[in-house]
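Q: what's the 3D shape of this:
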Amino acid sequence: MMRAPLILFFLLLTQSCMAQLTLEQTIEVAKKQSYTTQLLQKDLSAANLAYRIYRANLRPTLLFFGNAPGFNKDNYAVTQPDGSIKFPGRHQNYSSAGVGFSQPIPYTGGMISVNTDLYRFDDFTANTKQYNGTPVFVRLAQPLFRFNPYKWDKQIAPLKLKETSQEVKLAILQLEYEVCRLYFDIIEAQSNEQLAAVNLQHNTTNLSIEKRRLELGVSTEDRVLQLEIQQINSQQQQITGQLNTQKTFLALQTYINLPDIRIQKLDLPDKLPSLTIDKEKAIGLATQNLPVFLTFQREKLEAGSAIDQAKKQGRDIDLVASYGLNNTAPDIPAIYRSPQDQQRFNISFNIPIADWGRRKNSLAAVRLREDQLDILHKQVTAKFTTEIRNLATELPVLQPAVEQSLLLDTLSQRRFTITNRLFQSGKASLLELQAAQTEKDNARRNHIAALRKFWESYYLFRVKTGTENPWNIR
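A: Sure thing, here's the model as predicted:
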């Protein structure tokens, strides 16, 4: 695949030159240069970052915390035994520092942490100081019967990353289809312009011959006028074709993000690949590669998460237990000599007795959403299955249709050449010439339309199956 970068490099270096592109080359340029590709790369990077953030949230956290200094010089209220208040002054500093190591527990939804801290109190009025420290302190915070988001995120987060990856791949296939569509817009416009130019050339020659015949008295003014009308029509068709060619070129160049390239001509992709299609295996490929199925899987999990959350709504029971070593001393080294144990245990709860149906209705709503997802999944599956079957049936038929249209194009060209020669020698009527020209033009347009139909169906089948190679599956 080294050819595509070389094509892109050549195009970028020869922006002021005329270039000629095939359909395959145009697609490769778009995949490397278009704004669509650039945005897709950013989407994939954002998805990878989101997954890394999720993974990082499961890892331990090391914190350094504290408050230094905590200086305070003021008067404070002190209530006396008789109920009166006095305002003695104070001149103090209360500083602290510590290190904490915390780790979430995804299986239970709790949090465990190990900490150490040190406090210093200075009384500048009494000229004293005191230290209080916790050499080690282990704390467990565990919710009971509460919704555990870690349980569901573990299943949903990898799916989101894979879903985005498949969406990017599908968008690239969609880009190829769009380039094909824009490419054939130009092909059709160029063909109409060329047909008009050739017809104008023949009309000009025939008009000159018919005028000489009129001078010799072997023709009529009506035939001359008809040829003049045809000449004017061909001129108008050529101008319209030129404008359409320029417009379609601009649309393609804008889409592939190479607006300064001047392309002389696009090659007609008339060499068709040999395809063997197994409908059922193509459907199987689609279920593996289309992001919509991962989307349904993710939404199903999210619905399950919402149901779990609704079931446990309002049942807030928290257990907090801790154990540590603590000591108070006038200097720091003494803090860590013979510290005393410190224990704490607490269970808090908040359980509603009556919520007037809020929990019941919330649960019914999320279950209804789950049912809707099931129906939508079946609907989308039926739709894409039908589309794949139709395309798989259509593509083999389109191949011989292209060959037949090419044969008709060749025969119509020959017939027009013969009829035009007979008209110039006076052996064919103007009506016969006009019929042959119309037949020739229609045959050419039908051949290009058949080619367009085949290639658009070819790239659309790749989009519908979500893979670059759904062919020759046995």
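
Q: in stretch 28-46, which residues are buried?
A: Within stretch 28-46, the residues scored as buried using 16 or more other Cβ atoms under 10 Å are E28, V29, A30, K31, Q33, S34, T36, T37, L40, L44. For every residue, glycine as well, the C-beta is placed using N, CA and C.

Q: farthest pair within the residues you listed?
A: By the measure Cβ to Cβ, V29 and L44 form the most distant pair in the buried residues of stretch 28-46, at 20.3 Å.

Q: give me the element G284 is part of.
A: Secondary structure assignment for G284, by DSSP states H and E: helix 279-289.

Q: avg pLDDT for the following helix or strand past that helix?
A: Remark: after helix 279-289, the chain's next helix or strand is helix 291-311, criterion DSSP H and E. For helix 291-311, mean pLDDT is 89.

Q: ditto for stretch 385-396
A: 91.

Q: what of stretch 133-142?
A: On average, stretch 133-142 scores 88.

Q: name the residues that touch that stretch?
A: Applying Cβ atoms under 8 Å, 6 or more residues apart in numbering, the external contacts of stretch 133-142 come out as 98, 105, 108-119, 318-329, 332, 335-336, 339, 342.

Q: what are the bridge partners for the residue nearest to L63 when sequence neighbours are not counted, then?
A: Distances taken as Cβ to Cβ, 6 or more residues apart in numbering put G100 closest to L63, at 4.6 Å, once the chain neighbours are dropped. Beta-bridge partners for G100, by DSSP bridges, are L63, N115.

Q: can you check the pLDDT for G100?
A: G100 is given a pLDDT of 91.

Q: count of neighbours near it?
A: 16 (other Cβ atoms under 10 Å).

Q: and K312, its phi and psi?
A: Phi and psi for K312, reported as degrees, to the nearest 10, are phi -100, psi 10.

Q: tell me which element the closest residue to it other than its chain neighbours falls in.
A: Of all residues not flanking K312 in the chain, F147 sits nearest, at 4.7 Å (Cβ to Cβ, 6+ apart). Counting by DSSP H and E, there is no helix or strand that carries F147.

Q: let's have the chain start at 33 instead
A: New numbering, starting at 33: the last item is F179.

Q: ok, F179 touching Q341?
A: Yes: between F179 and Q341 there is a contact under Cβ atoms under 8 Å: 4.3 Å.

Q: surely L395 forms part of a helix?
A: Yes: using DSSP: H, G, I helix; E, B strand; the rest coil, the assignment for L395 is a helix.

Q: quick one: contacts for it?
A: I339, A342, K343.

Q: now it: how far from F455?
A: 84 Å (Cβ to Cβ, to the nearest Å).

Q: pLDDT averaged over whichever strand or helix holds F216 - what is it?
A: Assigned by DSSP H and E, F216 falls within helix 181-248. What helix 181-248 shows for mean pLDDT is 93.

Q: okay, the angle between that helix and helix 323-343?
A: Angle between the axes of helix 181-248 and helix 323-343 is 150 degrees (criterion: axes from the mean of the first three to the mean of the last three Cα atoms, to 10 degrees).

Q: next SSE after helix 181-248?
A: Following helix 181-248 in sequence, per DSSP H and E, is helix 253-288.

Q: what helices and strands are in contact with that next one?
A: helix 55-65, helix 181-248, helix 462-497 (3 or more Cβ pairs under 8 Å, 6 or more residues apart in numbering; DSSP states H and E).

Q: with distance to T425 added, can I get those helices in CSV?
A: Below are these laid out as CSV (distance: least, Cβ to Cβ, whole Å):
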stretch, distance to T425
helix 55-65, 24
helix 181-248, 19
helix 462-497, 10
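
Q: mind checking which of the ones you listed is nearest L438?
A: helix 462-497 (5.5 Å).

Q: distance from the chain centre to the closest one, please.
A: Taking Cα atoms, centre = their mean, to the nearest Å, the mean C-alpha location of helix 462-497 is offset from the chain mean by 33 Å.

Q: buried residues in it?
A: So for helix 462-497, counting by 16+ other Cβ under 10 Å, buried means 462, 465, 468-469, 471-473, 475-497.

Q: still on that earlier bit, for the helices and strands packed on helix 253-288, which one sits closest to D106?
A: Going by Cβ to Cβ, the one of the helices and strands packed on helix 253-288 nearest D106 is helix 181-248, 44.9 Å.

Q: so that closest one versus helix 253-288, what angle?
A: Using the same axes, to 10 degrees, helix 181-248 lies at 160 degrees relative to helix 253-288.

Q: and helix 181-248, what does it pack against?
A: helix 55-65, helix 67-89, helix 253-288, strand 294-298, helix 311-321, helix 323-343, helix 390-456, helix 462-497.

Q: how about the residue of the chain most remote from its centre, secondary structure?
A: For the chain, the residue at maximal distance from the C-alpha centroid (Cα atoms, centre = their mean) is D114, at 75.8 Å. Following three-state DSSP, we place D114 in the coil state.
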